[in-house]
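Q: Okay, sequence plus prediction incoming.
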Amino acid sequence: MKCLRIIWIYFLLFLVIFPVVAEKESAEETIVLQVVGEAFMIDGQIAKARELAVANGLQQAVEQAVGVLVYSETQVENYELIRDSIRLRSAGYISSYEIDDLWVDQNICKVLLTVSIKRGTMIEDLKELRLNLKLAGDPRIRVSVVAVTHNLATGRIEAQLVDGLKQAGYQVVSDRGQQVVGMPHDLLVQGRVYSEKLGNYYGLISCRVTIEMKVIKAETGEVLAAQDWQQTAVDLTPVAAAEKALRQAGEQLLPVLLTDLAKILTEPRSHTVVVENVSYQQLVRLRQQIQETPMVDNVQLREYIGRKAVLTVETTLTAPQLADQLAGGRGMMIEITGVSQHLIKLLIHAAGMP
């Protein structure tokens, strides 16, 4: 009887412990994919082409993996934005890879790779990115594309950018057919288009368009990202050729714009935290408290003089969001005395002293 009771105890312990072990193993499992990477072989340099082909294959593997996980782990409406954000971090997801085959086809080096991707790490980053997008406050974007060269219609490329941004989950307002004065927006996507005639070829006219695209912070006018793009096309008239080139440029520019926006929204911000009436022992505890705050990447002490400290905090949180976290923390009695775009001022009350 005693022996039977012991067996039951071990069995119950197994039932309790096993789900924890299974969950840990699941979080650490890998996704294994086979992909073909490609690269042009220049001047017969097979070693360099092989290196580029492997890099291309690894990038494809990460994109395929994130395509599966985004749909299963995050909201679909932010798919494009999250996918481009993950692509910026792709190197950290590769657990291992093997080159199964290598061959050259019409001066293109191709490699067949078996790639193992860290599923758990990618899922955690997807969750963090989803939170970052939420913390970004669902920014409103105004799109404005104007032609410096006369008689060139820009409505089509502007519509391409607006539609692509909307599909990525953004709130978008456009200059087209709307009264823009006073229209609230957080970011401005501003494009200027130039066109030039290159020549005539067998009855067809070749034109080149150049697009200068900027992402501007509406509140401050700060340029957050900038791209220059050129495209050439031929048609029967200069206007038709220029508009065709502009349409093709828009198709290629949209993914670049989405990547720039993803980087802008998910990269850490730098905030200055000024702390008054703090002992050095309290400062050590406060710095540790801030470092352990979710979404905080790094905390650096810039100076400590006369019970006053200045900290630099790298975080994806906005200054008001970080201030809320500090005010609601346990331990020291903290009073927030000031908050601006990148500055937090706080006071440690005497009751919170050691």
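A: Noted; the coordinates are in hand. Residues are numbered from 1 along each chain as shown.
Q: Helix or strand next in line after the strand or helix carrying residue 336, which one?
A: Secondary structure assigned from DSSP states H and E places residue 336 in strand 334-339. Note on strand 334-339: by DSSP H and E, the next helix or strand toward the C-terminus is strand 343-348.
Q: what's the burial count for residue 163?
A: The criterion is other Cβ atoms under 10 Å. On that basis, residue 163 has 12 neighbouring residues. All C-beta spots, glycine's among them, are computed from the backbone N, C-alpha and C.
Q: where does it land in three-state SS?
A: What DSSP: H, G, I helix; E, B strand; the rest coil gives for residue 163 is helix.
Q: what's the pLDDT at it?
A: Looking at residue 163, its pLDDT is 83.
Q: Next: residue 220.
A: pLDDT recorded at residue 220 is 79.
Q: please renumber so the chain begins at 26
A: Let's use 26 as the start, then, which means that last one is residue 245.
Q: Show the backbone phi and psi for it.
A: Phi and psi for residue 245, reported as degrees, to the nearest 10, are phi -120, psi -10.
Q: Now do the host helix or strand of residue 84: distance to the chain's middle.
A: Element membership for residue 84, per DSSP H and E: helix 71-98. Averaging C-alpha positions (Cα atoms, centre = their mean, to the nearest Å) puts helix 71-98 17 Å from its chain's average.
Q: on that earlier part again, just want the angle from the strand holding residue 361 to strand 368-373.
A: Between strand 359-364 and strand 368-373, the angle comes out at 150 degrees (axes from the mean of the first three to the mean of the last three Cα atoms, to 10 degrees).
Q: Mind giving me the packing neighbours of strand 359-364?
A: helix 344-352, strand 368-373 (3 or more Cβ pairs under 8 Å, 6 or more residues apart in numbering; DSSP states H and E).
Q: any chance of the ones you listed in a markdown table, with distance to residue 275 too?
A: Listed next are these as a markdown table, based on distance: least, Cβ to Cβ, whole Å:
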| stretch | distance to residue 275 |
| --- | --- |
| helix 344-352 | 35 |
| strand 368-373 | 39 |
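Q: which stretch in these has the least confidence?
A: Of all those, helix 344-352 has the smallest average pLDDT, which comes to a mean of 82.
Q: the inter-axis angle of that helix versus strand 368-373?
A: 20 degrees.
Q: which other residues reach helix 344-352?
A: Here helix 344-352 makes contact (Cβ atoms under 8 Å, 6 or more residues apart in numbering) with 160, 294, 296, 298, 314-315, 318-319, 321, 338, 340, 342, 359-361, 364-369, 371.
Q: same thing with stretch 68-79?
A: By Cβ under 8 Å, 6+ apart, the residues outside stretch 68-79 that reach it are 62-67, 122, 124, 127, 129, 134-136, 138.
Q: quick one: residue 64 and residue 89, what's the gap?
A: Distance, residue 64 to residue 89, using Cβ to Cβ, to the nearest Å: 18 Å.
Q: about what we covered before: partners of the strand holding residue 361, with directions?
A: strand 368-373 (antiparallel) (DSSP bridges).
Q: Flag every buried residue along the strand it pairs with.
A: Buried residues in strand 368-373, counting neighbours by 16 or more other Cβ atoms under 10 Å, are found at 369-373.
Q: do the same with stretch 318-336
A: For stretch 318-336, a neighbour-count test (16+ other Cβ under 10 Å) marks 318, 321, 324, 334, 336 as buried.
Q: just stretch 82-94 next, same as before
A: 82-87, 89-91, 94.
Q: Now the two most distant members of these.
A: The distance between the two most remote of the buried residues of stretch 82-94 (Cβ to Cβ) is 18.9 Å, for 82 and 94.
Q: that older thread, relative to residue 309, tell me which of the helices and strands packed on strand 359-364 wins on proximity.
A: Across the helices and strands packed on strand 359-364, the minimum distance to residue 309, taken as Cβ to Cβ, is reached by strand 368-373, at 12.5 Å.
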